[in-house]
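S.K.: coords please:
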Amino acid sequence: MSLNRTELVQAVAAQAGLSAADTDKALRAFQDVLVEQLAAGETVTIPGFLAVGRAERAARTGINPQTGEKLEIPAGYRVKLTAGSTLKRAVQG
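M.R.: The predicted model follows:
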């Protein structure tokens, strides 16, 4: 089972004793701050839970699967997620 955004907002609101509107507002603010920090090259860490950062990806040669033609893929960035100890333990059961 997975939660969509609406279900996540409702679950967090119930757990925290907040309204769904306030919870949604907080989730949107968290998302905005996360995006701003990653765009600035910063890492966002919630100890024991999660670290989200930006990692460099080197330029490389790829192959177009339809034509077999080789093409150069420029260097860029990717998002790197690292699970914290609490999250790792929860997944292990």
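
S.K.: Let me know the secondary structure of the residue lying farthest from the centre of the chain.
M.R.: Computed with Cα atoms, centre = their mean, the residue of the chain farthest from its C-alpha average is T67, at 33.1 Å. Put simply, T67 is coil when judged by DSSP: H, G, I helix; E, B strand; the rest coil.

S.K.: quick one: contacts for it?
M.R.: With contact set as Cβ atoms under 8 Å, 6 or more residues apart in numbering, T67 has no partners. Glycine gets a C-beta too; all of them are placed from N, C-alpha and C.

S.K.: which residues sit against the top helix by length along the chain?
M.R.: In the chain, with assignment by DSSP state H, the single longest helix is helix 20-39. With contact meaning Cβ under 8 Å, 6+ apart, helix 20-39 is reached by 5, 8-10, 12-13, 16, 18, 43-44, 52-54, 79.

S.K.: of those residues, closest to L87?
M.R.: Using Cβ to Cβ, V52 comes nearest to L87 of the contacts of helix 20-39, at 12.2 Å.

S.K.: gap between the closest one and T23?
M.R.: 20 Å (Cβ to Cβ, to the nearest Å).

S.K.: Who has more neighbours out of the two?
M.R.: Set side by side, V52 and T23 show more neighbours around T23, with 19 against 16, by other Cβ atoms under 10 Å.
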